[in-house]
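**Q** Make a model of this:
(one chain, ligands or ions: 1)
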Amino acid sequence: MTKPVVEIRDLSFYHGKDKKGIKDLFLSLEKGKVYGLWGRNGAGKTTLMKIMTGLLKPKKGTVLVFGEGPFENRRTLEKICFIQENHPLNPAWRIRDVMKVASYFYPKWDDELAQETLEAFALDPAKRVKALSKGMRTAVALTIGLASKAPFTIFDEPTNGLDAAVREIFYNLLIEELEEGERTVILSTHFIQELQSYIEEMVVLHDGELVLHQPIELIREEAVYVTGQKQKLEEVIHHSDALEVKTLGSTASVLLEKNSDAWALAQKQEIVTETPSLQEYLLRKTDRKNEEVWS
Ligand SMILES: Nc1ncnc2c1ncn2[C@@H]1O[C@H](COP(=O)(O)OP(=O)(O)OP(=O)(O)O)[C@@H](O)[C@H]1O
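**A** Next up, the predicted model:
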């Protein structure tokens, strides 16, 4: 078996003395896979991404990227490209200067791909960053992410602020780039519905903890909306396994996980089932705990 690209064991990170960050996290990411990172606001995604990309030092535990700790490790950092949301770009530089500087940093930089990508985004390399719209700046940052050819690349909220046409261009370029299976990619996003077809495995954080790490098809199959007569579903409705209950007149609809006792109970009744969207399921799965976070 090939060694994982990222190996995290028992990682904890606290902002300041005791502020929440990441708690006792174990995670392993493999070569050539595309991961979706999902979590509600404050779940710990940025903290985790910053640790994996050497911007923060773990307080406890082990973080290895390509077998080495990324913090202050130039050799490892050359293999990592982290495209942050609102990626910092020098406003005075022309796009072509931005590309040149990035090319010095990433040993696998592909100039041709950079040019093709800028062309696809209809970006003029002679333009200065300060003259670009927010969406155009994002497109410049995405170009760096693609052309870096970095074996481990993270795109944080890659499509925020991009119009539908530009998003499509990015998805197409990303698919082409991933075809060879050489790069490990994380797409961190709140808008999972749109990105889900590009993702193989989901990593879900909640309140600093890893609550799910599974192939996306399995997660899609994990939950079910059960609809039937409210009276007959009374026990299911009040069961602690019920992730969500909606009632309308004498009908009830309950969101359940298929490995739950409540699902076994529900199946004994006359019910109609429907698969929830991935977004609905993840939101409900992180609902109850989330109330504690914000309270
Ligand atoms: N610099 C900081 N100082 C203190 N606490 C912080 C700092 N950065 C993050 N936190 C806290 O750490 C927790 C995780 O934050 P993080 O930014 O990693 O979450 P996130 O999942 O990226 O959230 P979002 O989706 O809102 O960007 C939150 O409780 C947040 O308040």
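
**Q** What average pLDDT does stretch 171-187 get?
**A** When pLDDT is averaged over stretch 171-187, the result is 93.

**Q** now that stretch, how far from the centre of its chain.
**A** 14 Å (CA atoms, centre = their mean, to the nearest Å).

**Q** just stretch 121-135 next, same as before
**A** Between the centre of stretch 121-135 and the centre of its host chain there is 26 Å, according to CA atoms, centre = their mean.

**Q** Quick one: end-to-end length of that stretch, please.
**A** Across its full length, stretch 121-135 reaches 10 Å between end residues, using CA to CA, to the nearest Å.

**Q** what does stretch 28-38 give?
**A** 16 Å.

**Q** contacts for that stretch?
**A** Contact partners of stretch 28-38, identified using CB atoms under 8 Å, 6 or more residues apart in numbering, comprise 2, 4-8, 45, 48-49, 151-152, 178, 181-190, 192, 195-196, 198-205, 216, 282. Where C-beta positions appear, they are placed from N, C-alpha and C, glycine not excepted.

**Q** Narrow those residues to those in strands?
**A** 6-8, 152, 184-188, 201-205 (DSSP state E).

**Q** Export those residues to a markdown table and append columns for distance to H239.
**A** Formatted as a markdown table, the entries for the ones in strands among the contacts of stretch 28-38 read as follows, by distance: CB to CB, whole Å:
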| residue | distance to H239 |
| --- | --- |
| V6 | 37 |
| E7 | 38 |
| I8 | 34 |
| F152 | 42 |
| T184 | 40 |
| V185 | 39 |
| I186 | 35 |
| L187 | 34 |
| S188 | 33 |
| E201 | 29 |
| M202 | 25 |
| V203 | 28 |
| V204 | 23 |
| L205 | 26 |
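
**Q** and which of those is nearest the ligand?
**A** Distance to the ligand across the ones in strands among the contacts of stretch 28-38 (CB to the nearest ligand atom) is lowest for L205, with 6.4 Å.

**Q** Quick one: mean pLDDT for stretch 120-139?
**A** For stretch 120-139, mean pLDDT is 96.

**Q** Also stretch 211-231?
**A** For stretch 211-231, mean pLDDT rounds to 94.

**Q** same thing with stretch 13-26?
**A** 87.

**Q** Give me the contact list for that stretch.
**A** Here stretch 13-26 has contacts from 8-12, 42, 44, 47-48, 51, 56, 58-61, 205, 207-210, using CB under 8 Å, 6+ apart.

**Q** from those residues, which ones fall inside strands?
**A** For the contacts of stretch 13-26, membership in strands holds for 8-12, 60-61, 205, 209-210, with DSSP E as the criterion.

**Q** Contact partners for the residue nearest to D124 when sequence neighbours are not counted?
**A** With CB to CB, 6 or more residues apart in numbering as the measure, I95 is the residue that lies nearest to D124, at 7.1 Å, once sequence neighbours are left out. Neighbour list for I95: 118, 123-129, 132, 140 [criterion: CB under 8 Å, 6+ apart].

**Q** any idea how far I95 is from the ligand?
**A** I95 sits at a distance of 27 Å from the ligand (criterion: CB to the nearest ligand atom, to the nearest Å).
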